[in-house]
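Q: Provided below for reference: sequence and predicted model.
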Amino acid sequence: MPNSGSRGTLAEQLPPLTEHEALVEANRCLYCYDAPCTHACPTHIDIPRFIKKISTENVTGSARTILESNLIGATCARVCPVEELCEGACVLNAEHKPIMIGRLQRYAMDYVYDRHIEVIHPAPATGKRVAVIGAGPAGLSCAGELARRGHDVTVFDRRELGGGLSTYGIIVLREPVPVALAEVEMISRLGVTFKTGVDVSGPVPDCDAVFVATGLGESPSLGIPGEELVSDGLAVIEKSKIDPQNLRIGKRVVVIGAGNTAVDCATVAKRAGADRVTMVYRRTEREMSAYAHEYDFVKKEGVEFEFLAQPVAALAENGQLTGLECIRMALGNADSSGRATPLPIEGSNFVIPADMIIKAIGQQKTSIATVLGLETEGGFIKVTDSLETSVPGVYAGGDCIRLKGAASTVMAVQDGKNAAAAIHQRLMSHG
C-alpha cells in the first residue's frame, strides 16, 4: 500500500504505523467487553478482537476479523470519520487519548494486501446469478458478500475503473487510488466479474436478483450568470487523483459549499499551490455539514471562510474569471431540514477576487430509478427494511437510498452487506 508524503503535498497524509508502533498502540487497548467502539461501527467490526490479534502478532487473523464484517476495510480504515464513530466512542476518551483504531485497522489491512495473503474465500457455486449496478463501496460490499456465499456476481459500472468515489472522489490525502483498486481486485479474486465502461440503460438480463448501488449524479446547477466558467468539485478531485500532472489550480480560489466535499476541494486547491482559498457558505459554521474535525483541519491548512454569503454571479473579463459576486445573508426561521433559512440582505453585494471558482454543493439524484421503474421518495430510491425496492428481486443501497442520515462510505458498505444477506435468503428460499 502507498506510503504518506509530506505535509503540503497531495500524497497520503498519515504515515503507516511501524510494527513497533502498532504493537505499542494495540497494547494500550482495554479490550472492553461489549465494547462501545464496536457498537459505534456501522459494520460492527469486533474492534477489541482485531486489536488483540495485532498485540499477539497475529496480523493475518486481525485482518480476517475485519474482513468478516467489512470487505472494504482498507478504504474504511482511511476514510471513516473515526472521530465521530469508533474512536469517538472509545472509553479512553475521558482521560486519555483514544486508541488509534483507524490506523490499526489500516495496519492490518495493508499487512495482508502487501503480502498478497488471501483471507476471504468463496463458497461452492450455487448456480444463482446476481447483477450489481455500481462498483462503489456499496456495490463492492454486496458483490463480495454474495460471492462468499457462492453466487455468480457481475458488477456493471459506467466508469473505466471500479471503486466509485473511493477511486475518483476521495482526495489522495485520505485514500490513494491504488488502495481502492486493490479492493476491487480482491473482490474480483472472489470470482466476481466486472464490466466497466457500461452504462446500464435498461433491465439487466439473465439474473436472479439485482442490487442497485449507483450513488448520486452530477453536481446541481448554481443558476447564476457565468456558471459555465465554474469548475465542478468532483471533477477537480478526480483530476487530482487520476491525472494530477495536468491539474490546473488558480492562485485565488473560491469554493462554494461547506460540506466534506467542499473541504476536500479547498484542501486540494491549497496544497496544489493556490495562494488564497476561500470557502463561501450561505449559512454559518453552526449549520455547515462538514464534520467538525474536517472544519478544524481545513482551517489549519490556511483556508479562509465567508459565511452568510450567497453567490449571485461569476464575474469575468475576456473569458477569464475575475471574481465571485455574492450577497450577504441573514438567517430566518428553520426550513424543512431543520436549519435556519438564509435570506438575502438587499444592497449588500460584494465581490471576492478569484481566478478559479469551484462548486461543491451536493449531487443530483441518478436516473437509474426511472430506467428500472423503481419507486422513489424525495428523489431517492425507496426501499424496505431489507433494502428491497418496489420491484421484487431488485435491491438498492448506498447514497442512492440515503433519504435520511449522513451519506458515508461505511454506511454504504453496511448497506451492501445487509442487501447481500437479504438477496441470499431470497435466492436460497426460492430453490
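A: Noted; the coordinates are in hand.
Q: From here on, just use CA atoms for contacts and neighbour counts.
A: OK.
Q: for the stretch 301-431 of the chain, what are the low-confidence residue spans?
A: 403-406, 431 (pLDDT under 70).
Q: quick one, helices of it?
A: 368-372, 409-429 (DSSP state H, counting those that start in this stretch).
Q: okay, the ones you listed, which one's buried deepest?
A: Scoring the helices of the stretch 301-431 of the chain by mean neighbour count under mean count of other C-alpha atoms under 10 Å gives helix 409-429 as the most buried, with a mean of 22.
Q: returning to that earlier point: could I get the helices of the stretch 301-431 of the chain as a markdown table with distance to L14?
A: Rendered in a markdown table, the data for those read as follows (distance: least, C-alpha to C-alpha, whole Å):
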| stretch | distance to L14 |
| --- | --- |
| helix 368-372 | 37 |
| helix 409-429 | 19 |
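Q: tell me the phi and psi of the closest residue to L161 other than its chain neighbours?
A: What sits nearest to L161 in space, not counting adjacent residues and going by C-alpha to C-alpha, 6 or more residues apart in numbering, is T196, at 6.6 Å. Dihedral angles phi and psi of T196 (degrees, to the nearest 10) take the values phi -90, psi 160.
Q: which residues does T196 contact?
A: Contact partners of T196, counting by C-alpha atoms under 8 Å, 6 or more residues apart in numbering, are 155-162.
Q: What is the neighbour count of V204?
A: 16 (other C-alpha atoms under 10 Å).
Q: Could you measure from it over to T154?
A: 10 Å (C-alpha to C-alpha, to the nearest Å).
Q: Parallel or antiparallel, list what pairs with the helix or strand hosting F156.
A: Assigned by DSSP states H and E, F156 belongs to strand 152-157. If you go by DSSP bridges, strand 152-157 pairs up with strand 129-133 (parallel), strand 193-196 (parallel).
Q: ranking these by burial, who's on top?
A: The most buried one of those (mean count of other C-alpha under 10 Å) is strand 129-133, showing a mean of 25.
Q: Would you mind pulling up the elements that the helix or strand just after that one packs against?
A: For strand 129-133, the following helix or strand on the C-terminal side (DSSP H and E) is helix 137-148. For helix 137-148, the packing partners by 3 or more C-alpha pairs under 8 Å, 6 or more residues apart in numbering; DSSP states H and E come out as strand 129-133, strand 152-157, helix 177-189, strand 209-212, helix 409-429.
Q: Helix 137-148 - what's its average pLDDT?
A: Helix 137-148 shows a mean pLDDT of 98.
Q: Please enumerate residues in contact with that helix?
A: 70-72, 120-123, 132-133, 152-155, 163-166, 184, 187, 190-192, 211-213, 397-398, 409-410, 412-421, 424.
Q: redo that, cut-off 7 Å
A: With contacts defined as C-alpha atoms under 7 Å, 6 or more residues apart in numbering, helix 137-148 is touched by 71-72, 121-123, 132-133, 153, 163-164, 187, 190-192, 213, 397-398, 409, 412-413, 415-417, 419-420, 424.
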